[in-house]
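Trainee: What follows is a predicted protein model with its sequence.
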Amino acid sequence: MARPRYQALKGTQDVLPPASARWEALLATYAATVERAGYGLVQSPMFEEIGVFQRESEGADAVRKEMYDFEDKGGQHIALRPEGTASVVRAFVQHHPLTPWKVWYATPAFRYENAQAGRFRQHHQVGLELLGTADPEADVEVVTIAAEFLHALGLRQVELQLNTMGTVDDRVRYVEVLQGWLRERVGDLDPEDQARVEVHPMRVLDSKRRATRAVTAEAPAIADHLSPESEAHFAAVVDGLSAVGIEPTMAPRLVRGFDYYTHTTFEFVPTLVDNAQATILGGGRYDGLVEELGGPPTPGIGFGSGIERLLIACDAEGVFPAPPTALDVFVVDVTGGAHARELTRELRAAGIRCDRAFDQRAMRAQMKAADRSGAPFAVIVGDQEVADGVATVRPLAEFGAEQTTVPRADLVAHVSALLTDLPSKDAP
RNA sequence: GUGGCCGUAGCUCAGCUGGUCAGAGCGCCGCGUUGUGGUCGCGGAUGUCGGGGGUUCGAAUCCCCUCGGUCACCCCA
């Protein structure tokens, strides 16, 4: 068939009802989880001056070559946010709120890359940031909340991978060790990875290529090259998690995409999803980022979680079904539509969810629409009802109730009572 | 940016050694029941067969280009 003139761009998608109901439910679950822990919503602009994301130290592909950037009419170099953290940190620096500052967000994120399973040009993240404390307890809280969130969605087959990047100094020393080790084995690496030994040695650890993995399985781990302070921090995090029953998988080769991470880094990976892009939630500590964006030295930690990937993981586990369509009543008016207008207004004002048909359709068609709407009751108004000043209430599903006729004045109360008595339809 | 696979009605797909090739199921609309949905029966609408070019008497079917989708690399949520 002919493709319409305009379509959603590559790597973007429309989320329509009823599928969008899962988004609503996910967002509600997330907000409830983090607000219970004292995090407040932060809304920041979806675009920023490009420097917010693309700082001199930043070598991540997501901001180096995948940025959606443009020059605006005033000549400013603008970029659509590729991730959530940098904007929040910029807002922190700009408004200097009291610390610890605990905020959460839900936002689209943009990266110019080719789409594949679990990867889009516009994807959506929920996340949180905790700024102003270097306490390993903060690391524990953030990871714990992440785990609670995933659990609340119904996800069970999820693995937590944990690593540490140490301090900047730790990392410099480690990279030197790692680079020297890799140089001796560069010939055994996958050709595609050989050049990276010089450019970005830690990325080699993260490679998925078989030959490279065989080599790096034996590579020195950063955990063995930490300063005593960093070691103590990491140990405290591991102990704290263990104390709340979270047993992470130590992942010495876990290298997160953004260069600003220090100390704790972590990812939650669904074990049942076989996409290459499976990580549903990732985060870590970023103790130098606030300073880099012009603020006072301030430690911070947070995570981001991809909604699209969360839903893929939920599907893989067969959990988190979309809630049923939320309608209580469908008004069928075969007198032209004016009564449907009045009744829906009345019912809605009383908090009853209802819909109606348009176009003066035949009763049969309106009843069909009522059935399809999922509402448990149809309220029918025809010439006879109008003449008698009543409305007919017809049950649409199998719960034994009889079709009844009630005075118009009693309709709302009658329907309310019926809905209250409804056999629980919330069972999954 | 690179590579594999794919692109026929709203959806899922059949047709593809070129010649009733424009189809099926589901869905949608109407009617049977001029005031009652879900079952059933009958009837109906919708496609420039992704787009463009080429080969041919003839192309949804073959070739080229292009666009789009999908999966993978890179990278990340």
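Mentor: Ah, there it is.

Trainee: For my notes, confirm A:E48 occurs in a strand.
Mentor: Yes. Under DSSP: H, G, I helix; E, B strand; the rest coil, A:E48 sits within a strand.

Trainee: Is it bridged to anything, and to what?
Mentor: On the basis of DSSP bridges, A:E48 is bridged to A:A79.

Trainee: And for it, the neighbour number?
Mentor: By the criterion of other C-beta atoms under 10 Å, A:E48 has 18 neighbours. Using the backbone N, CA and C atoms, a C-beta is placed for each residue, glycine as well.

Trainee: wait, it sits on A:R90?
Mentor: Yes. Using C-beta atoms under 8 Å, A:E48 is in contact with A:R90, at 6.5 Å.

Trainee: A:V126 falls within a strand, correct?
Mentor: Yes. Applying three-state DSSP, one finds A:V126 inside a strand.

Trainee: Relative to RNA strand B, which residue of chain A is the closest?
Mentor: A:G257 (2.0 Å; C-beta to the nearest atom of the strand).

Trainee: how about A:Y105, secondary structure?
Mentor: strand.

Trainee: likewise A:E342?
Mentor: helix.

Trainee: burial of it, as a residue count?
Mentor: Residues contacting A:E342 under the criterion other C-beta under 10 Å number 14.

Trainee: ranges for the strands of the stretch 201-350 of chain A?
Mentor: Shown for the stretch 201-350 of chain A, the strands assigned by DSSP state E, counting those that start in this stretch span residues A:249-250, A:262-270, A:281-285, A:300-306, A:329-333.

Trainee: would TSV of the ones you listed with mean neighbour count and mean pLDDT be doable?
Mentor: TSV is the format used below for the strands of the stretch 201-350 of chain A (neighbours: other C-beta atoms under 10 Å; pLDDT from 0 to 100):
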stretch	mean neighbour count	mean pLDDT
strand A:249-250	13	93
strand A:262-270	24	94
strand A:281-285	26	95
strand A:300-306	25	96
strand A:329-333	27	96
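
Trainee: can I get those strands in CSV with distance to RNA strand B?
Mentor: Formatted as CSV, those follow (distance: least, C-beta to the nearest atom of the strand, whole Å):
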stretch, distance to RNA strand B
strand A:249-250, 16
strand A:262-270, 6
strand A:281-285, 4
strand A:300-306, 3
strand A:329-333, 8
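
Trainee: For A:R203, find the nearest of these.
Mentor: Minimum separation from A:R203 across these (C-beta to C-beta) falls at strand A:262-270, 14.1 Å.

Trainee: so what strands line up beside that closest one?
Mentor: The strands beside strand A:262-270 in its sheet (DSSP bridges) come out as strand A:158-164 (antiparallel), strand A:281-285 (antiparallel).

Trainee: which stretches of the stretch 51-200 of chain A have low pLDDT?
Mentor: A:56-60, A:62 (pLDDT under 70).

Trainee: Give me every residue in it lying close to RNA strand B.
Mentor: Counting by C-beta under 7 Å from any atom of the strand, the stretch 51-200 of chain A comes close to RNA strand B at A:60-62, A:66, A:83, A:111, A:113-120, A:123, A:125, A:192, A:196.

Trainee: Strands - which of those residues land there?
Mentor: A:123, A:125 (DSSP state E).

Trainee: tell me the pLDDT at the residue lying closest to A:Q161 once chain neighbours are set aside?
Mentor: Of all residues beyond its chain neighbours, the one nearest A:Q161 is A:A251 (3.8 Å), with distances taken as C-beta to C-beta, 6 or more residues apart in numbering. Listed pLDDT for A:A251 reads 89.

Trainee: Quick check: phi and psi at A:A251.
Mentor: Dihedral pair for A:A251: phi -130, psi 80, per degrees, to the nearest 10.

Trainee: Over to the one 10 residues further on?
Mentor: Main-chain torsions, A:Y261, degrees, to the nearest 10: phi -70, psi 140.

Trainee: Would you map the helices across the stretch 201-350 of chain A?
Mentor: A:201-205, A:210-216, A:228-243, A:289-292, A:307-317, A:338-349 (DSSP state H, counting those that start in this stretch).

Trainee: Export those helices as JSON lines, with columns for distance to RNA strand B and mean pLDDT.
Mentor: Below are the helices of the stretch 201-350 of chain A laid out as JSON lines (distance: least, C-beta to the nearest atom of the strand, whole Å; pLDDT from 0 to 100):
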{"stretch": "helix A:201-205", "distance to RNA strand B": "4", "mean pLDDT": "83"}
{"stretch": "helix A:210-216", "distance to RNA strand B": "8", "mean pLDDT": "79"}
{"stretch": "helix A:228-243", "distance to RNA strand B": "19", "mean pLDDT": "96"}
{"stretch": "helix A:289-292", "distance to RNA strand B": "13", "mean pLDDT": "94"}
{"stretch": "helix A:307-317", "distance to RNA strand B": "4", "mean pLDDT": "92"}
{"stretch": "helix A:338-349", "distance to RNA strand B": "11", "mean pLDDT": "96"}
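
Trainee: Since that was my last question, I'll sign off now.
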